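below are the sequence and a predicted model for it; my questions follow.
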Amino acid sequence: MLKNIELIDFTMGKGVISCVRKEVIGKAPHWHTYYEIELVENGRGTHIINNEVYEETARDIFIMRLTDFHELQLKERALHLAVEVPPGLLPDDIAKMMMLVDGNIITHLSNEDFKKAKEMYLMIEERENSNDVINELSKLHLTCALMLFILERVEKDISEKCSQTNIRLREIITYIQENLSSDLSITNIAKNFYVSKEYLCTFFKKNTGVTIFSYIRKVRLNRAVELLATTDKKIIEICELAGFNAMSTFMRDFKKEFGMSPSEMRQSSENQNNN
């Protein structure tokens, strides 16, 4: 059972694909509001994804979807080469392909395959500081190629390793992610999955460590941050698209979560982009 789940907030204010070299010794259970590819350059320990335990070693490679929870308990400091992808940039066919994988998207590569994957990562990283359209498009195509490269090498029998609990949890989270602007009342979600409201709330809290109310609120707020950074939509439109019924509630929750108003965050992002 996952405990003390934390949400890694949307940090890619420019709304572009980002490469990050991470030196890690451990990570508390968390999930992301972006897709993440990680290549394990070195290090060893335990990697837990959706309650499934893996022994992490060099040449592991994995993709974290928006519905995946994971944590790291490493025995020594590790270097991970990460590519972070805002959901709005990923083509629908790639996103759907990843969601069709019943288990976790993780595998251990041969020396030759890891070398190929790292070469693709380095090509993406080379374009990190360029803002022109051609380089951004090139980064996207290279990222999609790397994702497909990983998917092709994921274990064929992966669905047998995934428990029904994890499958159902991911189905619920996917439903929330895809219906943020709709009525996500507990009644409606429970009805969609043919369970009682009590069962839904207990099931979600037991398997994530957070309440379903808290999760929905966090995801909606981070969706608002993404829209602020990547579109020129008005604040009232973003409020509606993120699923908030009242502007006052949106403004209050946003300020409490991020310490600034939506307009202040947008201005801050614009100032950073201009520097």
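Cool, the structure landed.

show me how this protein divides into domains.
Following automatic domain parsing, one gets these domains for the chain: 6-161, 164-274.

what mean pLDDT does the first one have?
This points to domain 6-161. Mean pLDDT, domain 6-161: 83.

now swap in the last one and tell me
Rounded to a whole number, the mean pLDDT of domain 164-274 is 85.

okay, and the beta partners of Phe62?
Glu38, Ile106 (DSSP bridges).

OK, contacts around it?
Neighbouring residues of Phe62 by CB atoms under 8 Å, 6 or more residues apart in numbering: 37-38, 47, 49, 104-107, 150. Every residue, glycine included, has its C-beta placed from N, CA and C.

gap between it and Thr231?
Per CB to CB, to the nearest Å, Phe62 is found 30 Å from Thr231.

what count of nearby residues applies to Leu74?
Applying other CB atoms under 10 Å, we find 16 residues neighbouring Leu74.

how about Arg220?
Residues near Arg220, counting by other CB under 10 Å, number 21.

of all the residues in stretch 233-247, which ones are buried?
For stretch 233-247, burial by neighbour count (16 or more other CB atoms under 10 Å) applies to 235, 238-239, 241-244.

take those residues and lay them out in TSV including distance to Ile167 and secondary structure.
Below are the buried residues of stretch 233-247 laid out as TSV (distance: CB to CB, whole Å; DSSP: H, G, I helix; E, B strand; the rest coil):
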residue	distance to Ile167	secondary structure
Ile235	37	helix
Ile238	32	helix
Cys239	33	helix
Leu241	29	helix
Ala242	27	coil
Gly243	25	coil
Phe244	30	coil
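
export these as CSV, with columns for distance to Phe69.
Shown next, in CSV, are the buried residues of stretch 233-247 (distance: CB to CB, whole Å):
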residue, distance to Phe69
Ile235, 31
Ile238, 27
Cys239, 28
Leu241, 25
Ala242, 22
Gly243, 22
Phe244, 25
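
just curious, which of these is nearest to Arg252?
Of all the buried residues of stretch 233-247, Arg252 sits closest to Phe244, with 9.9 Å by CB to CB.

not counting sequence-adjacent ones, nearest residue to that closest one?
Leaving aside its chain neighbours, Phe244 sits nearest to Phe250 (3.9 Å; criterion: CB to CB, 6 or more residues apart in numbering).

for that neighbour, give its distance to Gly103.
Per CB to CB, Phe250 is found 36 Å from Gly103.

same question, Ile172
Noted for Ile172: a distance of 17 Å to Gly103, by CB to CB.

of the two, who's got more company?
Neighbours per residue (other CB under 10 Å) separate Ile172 from Gly103, with Ile172 holding more: 23 against 19.

my read: the more buried one touches Ala190, true?
No: assessed by CB atoms under 8 Å, Ile172 is found out of contact with Ala190, at 9.8 Å.

which residues does whichever helix or strand Leu151 is part of contact?
Element membership for Leu151 (DSSP states H and E) is helix 133-153. Contact partners of helix 133-153, identified using CB under 8 Å, 6+ apart, comprise 16-17, 37, 61-63, 83, 85, 89-91, 94, 97-98, 101, 105, 107, 109, 113, 116-117, 120-121, 123-124, 127, 130.

if you set the cut-off to 7 Å instead, what comes out?
With contact meaning CB atoms under 7 Å, 6 or more residues apart in numbering, helix 133-153 is reached by 16-17, 37, 61, 63, 83, 85, 89, 91, 94, 97, 105, 107, 109, 113, 117, 120-121, 123-124, 127.

give me the buried positions along that helix.
138-140, 142-144, 146-147, 149-151, 153.

go on, stretch 195-208?
Residues of stretch 195-208 classed as buried: 195, 200-201, 203-205, 207-208 (neighbour count, 16+ other CB under 10 Å).

next one: that stretch to chain centre, how far?
22 Å (CA atoms, centre = their mean, to the nearest Å).
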